[in-house]
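Engineer: Any chance you could fold what I've pasted below:
(2 chains)
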Amino acid sequence: MRHVISVLVENESGVLSRVVGLFSARGFNIETLTVAPVGDGETSRITLVTRGEEGIIEQILKQLNKLVPVIQVADLTEGPHVERELMLVKVATDRDTRAEVLRIADIFRSRVVDATTSSFMIEVTGDSSKLDACLALLTPLGVTEMVRTGLVALSRGEKGMVNKASHP
Amino acid sequence: MTGAQIVIQTLLDLGVDTLFGYPGGTVLYIYDELYKNKHRIHHYLTRHEQGAVHAADGYARVTGRVGVAIVTSGPGATNAVTGLATAHMDSIPLLCISGQVPVALIGNDAFQEADTVGITRSCTKHNFLVRDVNDLARVLREAHYIARTGRPGPVLVDIPKDVTVAEAEYVHSAAEPKIRSYRPTQIGHIGQIRRGARMLQQAKKPVLYVGGGAVLSNASDELFRLVEGLGFPVTNTLMGLGSFPAADERFIGMLGMHGTYEANMAVSHCDLLVAIGARFDDRVTGKISVFAPHATIIHIDVDPTSISKNVKVDLPIVGDVKQVLGQLNELVHAPEFQSARPDVSDWWEDINGWRKRECLRYTQGPDVIEPQYVLQCLHTVTKGEAIIATDVGQHQMWAAQFYGFQKPRRWLTSGGLGTMGYGLPAGMGAQVAMPDAQVVVITGEGSLQMNIQEFATCLQYHLPVKVVILNNGYLGMVRQWQEFFYQRRYAESDMDVTPDFVKLAEAYGALGLRCDKVADVTATLEKGLAYPGTVIMDFHVNREANVYPMVPAGAGLSEMILI
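Structural biologist: Numbers count the residues shown, from 1 in each chain, chains lettered A, B, ... in the order given. The predicted structure follows:
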């Protein structure tokens, strides 16, 4: 099953390689990975998507917790949460397809962030399935390049990991 | 103070008075300070960095303190890797200080540069690169703290050369470091422990399966008290030997691949398995699907990742073994528990039936020395009180089966990584820690040659380590597997050329003794052990002796090959 795991870590060099190294050394898979500093810059938050049986996910959570610079680990898929991903997609266009591309961009509430006489660049945000759907419609029209950030996610409600971490 | 002075002062403040190491360019400022402080901190120069780390490991295993090793950058650090990995697998508290090229050169492929933090990331509990001298004291204190708390392990601190020259103010601190992201659980959850006590009370066929965690947390007294309160059988893993006295009638021997018939049958038939500081290694469980198939499992361990990693556990109790057993003992020794103490007499009848199989028996004929006989004689001559360090292979398993450990921290062996070459340097470290103790290294002619250079270190520091070689001219365990599973095709396991170990000992300035007669075994041991200095005793034993019983890899524990 797919799991979205959020990891709050000390913002110091080498932490990401500890996390990634743990996955590769133990044969766990990472589907997407995002990382950036949060709050005062002393901590970073890693969001990763992985798949596995219950036992594997339990091991992943425990192994992550065991890493010394890891402050907190949560499996967001255990409760209600919001997922977002950002995609930039470049579509080659001609006279026949330009209007269609704009229409699709509109349907997905995405924005055109660059345009030339023969191309558009579109920024789409949403959960991963929305991005997949948008891409599926744009691909036949001539996608030349695209990039996705991977997932970021937060649990719903007022409580979260940062609050807990700042009051050790 | 300079960085180098801070290193020494911090170590002294942490109570470190013994180091094992090997100098080199990037650690010369630290060595210069060591020279100036040699009255306060003793450095032992090994002949190889691997030897230094194993020696620190042996020191840690017998004392329970953090062993400290110091190596230079590049090849010094890479040579230390096997020692770190060995300590990591066996959860040994270790602090390894490595030199690094100056900060400005890091990443430039400088002379003797290696990405030490990168290389050692997966074989240490944690590691640090100190870029700023102002962080140095804090990092060393944190490293020492991380090494010895929770599930212990090796921690490496990589220090660039310029950091050892730079200056910073040194502030003495005796306080335990506070690391917000590192807070291991010590005390067991009382609700879980109560549930555990109820399960103990209902057991009809229980087994306590005790591993190295009981040794590491100094829980032997608590374990003994628990067994007194329960009357249950105890089996040890290889790493747990000595945590419970081998001569006690409730001890049923080691379990696993070369465990006793009674231990493995008991685990295969038990209804309650209590794993205490043990991690269900594949050499213990055999085929997982038929491991303790009828049992409810309680697992006590300080490391949550060990729980339900290999075997699904019914009741996990996370905490330090000593603490948890103390908590459990309060319940078990309470009158309400004792008045309804579980009756396990039928279970003991089953176990004593399996015991009658005498799975460790062997026959000592008049001519060829059997390796098991040497170990039994060694036990007699040393009264079972020696500190035993081993290498890896048949001799290791025979030592585990036949020496009979009565107390913890007297058995030094590479259980997890299986490192040939561990025994001599580890025994050397143990002898440094316990100058008056009888330290015996049991080894094979193959293993000994992997780190034989440390013999020189023993001589240099007058360490009276006694080396007992069970010499069969083979990589014995490899040969045994080839005999059993590869139709006797002894590919590259026949060591035809070995040195004359007597002459070799003499070349180093030590005593060398050879023994190839059954009648001389005891006399040779007595002579060697009585000698005040370093000794090699070379026992030429039955070339084709095998370790029995054996569970073939991948088979279930009840499918044993018996003699």
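Engineer: got the residues of chain A near chain B?
Structural biologist: When proximity is defined by CB under 8 Å from any CB of the partner chain, chain A lies next to chain B at A:9-10, A:13-14, A:17-18, A:21, A:25, A:55, A:58-59, A:62-63, A:65-66, A:68-71, A:165, A:168. In short, each C-beta sits where N, CA and C put it, glycine included.
Engineer: which strands and helices sit next to the helix or strand where B:Ala266 lies?
Structural biologist: Using DSSP states H and E, B:Ala266 falls within helix B:261-269. Here helix B:261-269 touches strand B:206-210, strand B:234-236, strand B:251-254, helix B:345-355, going by 3 or more CB pairs under 8 Å, 6 or more residues apart in numbering or on different chains; DSSP states H and E.
Engineer: can I get the CA coordinates of stretch B:511-524 in PDB?
Structural biologist: Only the C-alpha atoms of stretch B:511-524 are listed here, as PDB (Å, rounded to 0.1, in the frame of the first residue of the first chain):
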ATOM      1  CA  LEU B 511      56.900 -18.300  23.800                       C
ATOM      2  CA  GLY B 512      55.700 -20.800  21.200                       C
ATOM      3  CA  LEU B 513      54.400 -24.300  22.000                       C
ATOM      4  CA  ARG B 514      53.300 -27.000  19.700                       C
ATOM      5  CA  CYS B 515      51.200 -29.900  20.700                       C
ATOM      6  CA  ASP B 516      50.100 -32.900  18.600                       C
ATOM      7  CA  LYS B 517      49.700 -35.600  21.300                       C
ATOM      8  CA  VAL B 518      46.600 -36.200  23.200                       C
ATOM      9  CA  ALA B 519      48.600 -36.900  26.300                       C
ATOM     10  CA  ASP B 520      50.300 -33.500  26.100                       C
ATOM     11  CA  VAL B 521      47.300 -31.200  25.800                       C
ATOM     12  CA  THR B 522      46.800 -30.400  29.500                       C
ATOM     13  CA  ALA B 523      50.600 -30.000  30.100                       C
ATOM     14  CA  THR B 524      50.900 -27.700  27.100                       C
END
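Engineer: And it, how far out from the chain middle?
Structural biologist: Its chain's C-alpha centre and that of stretch B:511-524 lie 28 Å apart, by CA atoms, centre = their mean, to the nearest Å.
Engineer: What residues of it count as buried?
Structural biologist: Residues B:Leu511, B:Gly512, B:Leu513, B:Arg514, B:Cys515, B:Val518, B:Val521, B:Thr522, B:Thr524 are the ones in stretch B:511-524 that count as buried (16 or more other CB atoms under 10 Å in any protein chain shown).
Engineer: Show the average pLDDT along that stretch.
Structural biologist: Across stretch B:511-524, pLDDT averages out at 98.
Engineer: Parallel or antiparallel, which strands does the strand ranked longest in chain A pair with?
Structural biologist: Counting by DSSP state E, the longest strand found in chain A is strand A:81-92. Sheet pairing of strand A:81-92 (DSSP bridges) gives strand A:119-126 (antiparallel), strand A:143-148 (antiparallel), strand A:152-155 (antiparallel).
Engineer: closest to B:Ser308 out of the ones you listed?
Structural biologist: Among the strands paired with strand A:81-92, strand A:152-155 comes nearest to B:Ser308, with 24.8 Å by CB to CB.
Engineer: the helices in the stretch 351-500 of chain B, which residues?
Structural biologist: B:371-382, B:394-402, B:423-433, B:445-448, B:454-460, B:476-485 (DSSP state H, counting those that start in this stretch).
Engineer: Point me to the residue of the stretch 201-350 of chain B nearest chain A.
Structural biologist: B:Thr305 (4.4 Å; CB to the nearest CB).
Engineer: and that residue, what are its phi and psi?
Structural biologist: In terms of degrees, to the nearest 10, the main-chain angles of B:Thr305 are phi -70, psi -20.
Engineer: For it, give me its contacts.
Structural biologist: A:Gln59, A:Lys62, A:Gln63, A:Lys66 (CB atoms under 8 Å, 6 or more residues apart in numbering or on different chains).
Engineer: what are the ranges of the strands in chain A?
Structural biologist: Using DSSP E, strands in chain A cover A:2-10, A:32-38, A:43-51, A:70-75, A:81-92, A:111-116, A:119-126, A:143-148, A:152-155.
Engineer: what angle separates the fifth one from strand A:111-116?
Structural biologist: What that stands for is strand A:81-92. Here the directions of strand A:81-92 and strand A:111-116 differ by 20 degrees (axes from the mean of the first three to the mean of the last three CA atoms, to 10 degrees).
Engineer: what angle do strand A:81-92 and strand A:32-38 make?
Structural biologist: 110 degrees.
Engineer: Report the central residue of chain A.
Structural biologist: With distances taken as CA atoms, centre = their mean, the residue of chain A nearest its centroid is A:Leu151 (1.4 Å).
Engineer: circling back to that earlier point, from the rest of the structure, what touches the helix holding B:Ala266?
Structural biologist: B:205, B:207, B:209, B:233, B:235, B:252-256, B:273, B:290-295, B:350-351, B:354-355, B:357, B:359, B:549, B:551, B:556-558, B:560, B:562.
Engineer: From B:Thr235, how far out is the residue lying closest to B:Thr260 once chain neighbours are set aside?
Structural biologist: Take B:Thr260 and drop its neighbours on the chain: the residue closest to it by CB to CB, 6 or more residues apart in numbering or on different chains is B:Gly253, 3.2 Å away. Noted for B:Gly253: a distance of 6 Å to B:Thr235, by CB to CB, to the nearest Å.
Engineer: quick one: which of these two has more around it?
Structural biologist: B:Thr235 (28 against 24; other CB atoms under 10 Å in any protein chain shown).
Engineer: what ranges of chain A fall below the confidence cut-off?
Structural biologist: For chain A, the stretches flagged by pLDDT under 70 are A:162-168.
Engineer: Please apply the same query to the stretch 1-150 of chain B.
Structural biologist: For the stretch 1-150 of chain B (pLDDT under 70), the answer is none.
Engineer: Would you mind listing what in it touches chain A?
Structural biologist: So the stretch 1-150 of chain B meets chain A at B:Val117, B:Gly118, B:Arg121, B:Ser122, B:Lys125, B:His126, B:Leu129, B:Ile146 (CB under 8 Å from any CB).
Engineer: Could you look up the SS state of the first one?
Structural biologist: The assignment at B:Val117 comes out as helix when based on DSSP: H, G, I helix; E, B strand; the rest coil.
Engineer: Help me confirm that it comes into contact with B:Asp158.
Structural biologist: Yes - between B:Val117 and B:Asp158 there is a contact at 5.4 Å, judged by CB atoms under 8 Å.
Engineer: Counting neighbours, what do you get for the closest residue to chain A within the stretch 451-563 of chain B?
Structural biologist: When scored by CB to the nearest CB, the stretch 451-563 of chain B has B:Gly554 as its residue closest to chain A, at 19.1 Å. B:Gly554 sits with 10 neighbouring residues when counted by other CB under 10 Å.
Engineer: Confirm it sits in a strand?
Structural biologist: No - applying three-state DSSP, one finds B:Gly554 to be coil, outside a strand.
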